[in-house]
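Predicted model and sequence below, questions to follow.
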Amino acid sequence: MLMQSVESEASMYQSALEAVDNKDKERARDLFTRLIKVNPSKADYWIWMSSLVPTAKEKAYCLQEALRLDPKSYAARRGLAMQGVLPPDEKKVIPLKQQRRNWLAKYRGPGLFDRLLLTPVWAQVISVLTLMVTVVVIFYVVYISTPGLGTPIKPRLYGTPIDTSVPGQVAIITPTAVAFKPKITPTFLGATPLADLLSSTYTPTPFYINTPHPKLEAYRAAINALNRQDPDKMLNYIQQAITGEPNSVDLYYFEGEAYRLKKDYSNAINAYKQALAIDPLFAPAYLGEGRATLLGFPANWRDAKGNMIRATEIDPNLADAYIDIAAITLDHNLDGASAVKYLDLAYKLNPNAPLVHLDYARAYLMLDQADKSLDEANIAIQLDLTLLDAYRAVGAASIALNKPENAVQELAFYVIYRPDDAEALTWLGLGYKQQDDQIKAIDAFSKAIQADSNDFDAYLQRSLIYIDQNQPLLARPDLEQALEINKKSYDVNFNLGKVLLSVNEGGNAYMKFSAAEGLADTNSQLAKVYYWRALSLQQMETAKPSYKDVEAKDWTALLNLPPDAVLPEWAALARARLQIIKGYAPPQATAVKTPTATRTMMTIQLGATRTVVGTETPSPTVTPQP
């Protein structure tokens, strides 16, 4: 994993340098911001960032950090000198005496003009022509070798940026001081926008349709607008093109694409249908109609999937259709194996498509193959560093593999940009919980509940932390809310029974344990029900002694379960209670010391501090879903 992290950082650094080469300052700032977050001790990252931040204060701070990390950095010192933070390097200053001009130079004979006058005319002509040729040659050399004048020279990928005046927006860096010596940790306020938040992909897919229309300038203008992600202008130009060629199927398809980008899904569907009216075998129109249906009318996802399947029947090489079909299959938890089959077809056509590997990760997680899921999610990130859902998939797979450090790192980054993803916040809370950081876990679960008041897992997991902390008054409302969401949850009914028992509500606790009995799937779950329900009956016996007979039935049922399902301490307590209730002790299956018969009541507490004989019930683990 460490080697994979280093490779990911190197890949991100290469992408950042390429963004600088391509003068894509926004993407460069995004990537260097993330690189600094991953490895803040790299001086080069700070120097590059100094050329991308907008204010002099931020430039000075970045350069100071670079100089602190590399005191010999000439670029950092020069940049700080240009900012006025450091004095100029005295070694680079020309002494005043050397700057003085010698006005008393001796006469050295006739000058150039005088020599020309003394030269024959034919010699003067040759000299002038030679001079003109020399000037032309010098101009040509300078022209082709100067960026921006002639053939551009690709900027170097590695080196030290000197420009510290690049305008633009970037995450705000707010150091506590501007002085050089103290080490200052920057605070990034807000999320730096990622390219993933745009509608275009990191690696744009080539146009499926590229029919030439040499007589239609409006068509070329529409395609240019599409490349710029400007759907309004695209729609205007494409409608002009339709006026010139009303029977061109691809023009109506592009009209549908423009409407879809404008989120006008009804008109998009109509445009795709017009394309199909001209050519019923035009596969991209089926794909476009399926996408518009899915986005505008999600309840009709079956119709959308049908259109996409129709597109693949007409054109088996339409990779995007296979990807979308797999995504629908996963979104509705239909069949992970079926999704993998569609993704296999897409992979054969486009093995480097990030979305293929992302959906592979989701499908393998659904199939309980978390190791494969993690591998595919990491490949998706390598192919597209801005694909946010890939970081989410890494986090989900890491939770399933009990790798909390990896999960927390990726999910904490993801929720910066998707703070309303309740499921991801719940997984983040599980990661913190696995790290025994209960404070951060509760905070993450609370944020998940704020994002989605019906997040069952967040309520349940937060309540389990409160139970471990022996705080029944905090656990109870969470469990009751979870019960409203899912009344058929064994974990909720069982743990709510424990909470009620701890606050001396034995009767209500008995009811919840009885509900959990009907929902139990394993002998271990039944053992917990019998043990804790017997304790609730024991608590109720002060009001009604006849409950002892019912208690005896639970202790007997506990002892009749397979030995591997019952803790030895529970079996010992069951025999002791039966001896008290009936004056009879069943045969002991194992040599376990029996508690004294004088023990009649027990103090019920939650968490690790309770005095009930037995061990704590393991907390249920949320299985991440795609």
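Everything's here; your move.

contacting residues for residue 363?
When contacts are counted by Cβ atoms under 8 Å, 6 or more residues apart in numbering, residue 363 is found next to 326, 330, 336, 337, 339, 340, 343, 373, 626. Just so you know, the C-beta spots here come from the backbone N, C-alpha and C atoms, and that holds for glycine as well.

can you list those residues in a markdown table and add neighbour count, secondary structure and distance to residue 258?
A markdown table is the format used below for the contacts of residue 363 (neighbours: other Cβ atoms under 10 Å; DSSP: H, G, I helix; E, B strand; the rest coil; distance: Cβ to Cβ, whole Å):
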| residue | neighbour count | secondary structure | distance to residue 258 |
| --- | --- | --- | --- |
| 326 | 27 | helix | 26 |
| 330 | 25 | helix | 28 |
| 336 | 19 | helix | 35 |
| 337 | 11 | helix | 37 |
| 339 | 26 | helix | 30 |
| 340 | 21 | helix | 34 |
| 343 | 28 | helix | 29 |
| 373 | 27 | helix | 36 |
| 626 | 24 | coil | 31 |
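
quick check, nearest of those residues to residue 576?
The shortest separation between residue 576 and any of the contacts of residue 363 is 48.3 Å, and it belongs to residue 373 (by Cβ to Cβ).

Just confirm the closest one contacts residue 399, I think it does.
No - with contact defined as Cβ atoms under 8 Å, residue 373 does not count as touching residue 399 (10.7 Å).

how does the protein divide into domains?
By the assignment in automatic domain parsing, the chain contains the domains 2-95+160-189, 213-314, 316-401, 487-609.

highest average neighbour count across the ones you listed?
Among the domains of the chain, judged by mean count of other Cβ atoms under 10 Å, the one packed with the most neighbours on average is domain 316-401 (a mean of 22).

pLDDT of that one, averaged?
Within the predicted structure, the mean pLDDT of domain 316-401 is 94.

how long is that domain from one end to the other?
The stretch domain 316-401 measures 36 Å between its terminal residues, going by Cα to Cα, to the nearest Å.

re earlier: which of the domains of the chain sits closest to residue 458?
Comparing the domains of the chain by their distance to residue 458 (Cβ to Cβ), the top pick is domain 487-609, with 12.7 Å.

neighbouring contacts of the helix or strand containing residue 507?
According to DSSP states H and E, residue 507 maps onto helix 506-519. By Cβ under 8 Å, 6+ apart, the surrounding residues in contact with helix 506-519 are 488-490, 493-494, 496-498, 500-501, 525-526, 529, 532-533, 536-537, 539-540.

next SSE after it?
Heading C-terminal from helix 506-519, the first helix or strand you meet, by DSSP H and E, is helix 523-540.

tell me the angle of that following helix relative to helix 506-519?
Comparing the axes of helix 523-540 and helix 506-519 via axes from the mean of the first three to the mean of the last three Cα atoms, to 10 degrees yields an angle of 160 degrees.

how far is helix 523-540 from where the chain is centred?
The offset between the C-alpha centroid of helix 523-540 and the centroid of the whole chain comes to 43 Å, using Cα atoms, centre = their mean, to the nearest Å.

Tell me the helices and strands packed up against that helix.
In terms of contact count using 3 or more Cβ pairs under 8 Å, 6 or more residues apart in numbering; DSSP states H and E, helix 523-540 is assigned the packing partners helix 490-502, helix 506-519, helix 547-559, helix 568-582.

could I get those as CSV with mean pLDDT?
Putting the helices and strands packed on helix 523-540 into CSV (pLDDT from 0 to 100) gives the following:
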stretch, mean pLDDT
helix 490-502, 95
helix 506-519, 94
helix 547-559, 90
helix 568-582, 91
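
Of all those, which one is nearest residue 252?
helix 490-502 (53.3 Å).

what's in contact with that closest one?
The set of residues that contact helix 490-502 without belonging to it, under Cβ under 8 Å, 6+ apart, is 460, 463-464, 467, 472, 475-476, 479-480, 482-483, 486, 506, 508-513, 515-516, 519-521, 525, 528-529, 532-533, 535-536, 539, 604-606, 610, 617, 620.

pull the CA atoms of it into PDB?
What follows is helix 490-502 as a C-alpha-only set of coordinates in PDB (Å, rounded to 0.1, in the frame of the first residue of the first chain):
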ATOM      1  CA  TYR A 490     -32.300  -7.900  15.300                       C
ATOM      2  CA  ASP A 491     -29.500  -5.500  16.400                       C
ATOM      3  CA  VAL A 492     -31.800  -2.600  17.200                       C
ATOM      4  CA  ASN A 493     -34.300  -4.600  19.100                       C
ATOM      5  CA  PHE A 494     -31.700  -6.500  21.100                       C
ATOM      6  CA  ASN A 495     -29.600  -3.400  22.000                       C
ATOM      7  CA  LEU A 496     -32.700  -1.400  22.800                       C
ATOM      8  CA  GLY A 497     -33.700  -4.200  25.200                       C
ATOM      9  CA  LYS A 498     -30.300  -3.900  26.900                       C
ATOM     10  CA  VAL A 499     -30.700  -0.100  27.200                       C
ATOM     11  CA  LEU A 500     -34.200  -0.400  28.700                       C
ATOM     12  CA  LEU A 501     -32.900  -3.100  31.200                       C
ATOM     13  CA  SER A 502     -30.100  -0.700  32.300                       C
END
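
Can you tell me the element residue 288 falls in?
Using DSSP H and E, residue 288 sits within helix 283-296.

Just list what that helix packs against, helices and strands only.
Counting by 3+ Cβ pairs under 8 Å, 6+ apart, the packing neighbours recorded for helix 283-296 are helix 249-261, helix 265-278, helix 301-314, helix 319-331.

so where do the strands sit in the chain?
For the chain, the strands identified by DSSP state E occupy 172-173, 188-189, in order along the chain.

By mean pLDDT, show me the worst of those strands.
strand 172-173 (a mean of 28).

just for this structure, where's the confidence low?
Applying pLDDT under 70 to the chain flags the ranges 1-7, 83, 85-128, 133-212, 214-215, 542-543, 545, 583-626.

same thing but at 50, please
1-2, 92-109, 113-114, 116-118, 141-206, 584-585, 587, 589-619, 626 (pLDDT under 50).

From residue 376, how far out is the nearest residue to residue 389 once chain neighbours are set aside?
Residue nearest to residue 389 in three dimensions, not counting chain neighbours: residue 358, with 5.8 Å by Cβ to Cβ, 6 or more residues apart in numbering. Distance of residue 358 to residue 376, given as Cβ to Cβ, to the nearest Å: 7 Å.

Mind listing the shared neighbours of these two?
Overlap of the contact sets of residue 358 and residue 376 (by Cβ under 8 Å, 6+ apart) consists of residue 393.

Stretch 387-394: how far from the chain's middle?
The offset between the C-alpha centroid of stretch 387-394 and the centroid of the whole chain comes to 4 Å, using Cα atoms, centre = their mean.

Tabulate the CA atom coordinates of it in PDB.
Output of stretch 387-394 as PDB, limited to C-alpha atoms (Å, rounded to 0.1, in the frame of the first residue of the first chain):
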ATOM      1  CA  LEU A 387     -12.800  10.900 -10.100                       C
ATOM      2  CA  LEU A 388     -14.300  11.500  -6.600                       C
ATOM      3  CA  ASP A 389     -16.400   8.400  -6.500                       C
ATOM      4  CA  ALA A 390     -13.300   6.300  -6.800                       C
ATOM      5  CA  TYR A 391     -12.000   7.600  -3.500                       C
ATOM      6  CA  ARG A 392     -15.400   6.700  -2.000                       C
ATOM      7  CA  ALA A 393     -15.100   3.200  -3.400                       C
ATOM      8  CA  VAL A 394     -11.600   2.900  -1.900                       C
END
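
closest one to residue 217 among the helices and strands packed on helix 283-296?
Using Cβ to Cβ, these put helix 249-261 closest to residue 217, at 13.6 Å.

Remind me what the closest one packs against, helices and strands.
For helix 249-261, the helices and strands in contact under the criterion 3+ Cβ pairs under 8 Å, 6+ apart are helix 217-227, helix 231-244, helix 265-278, helix 283-296.
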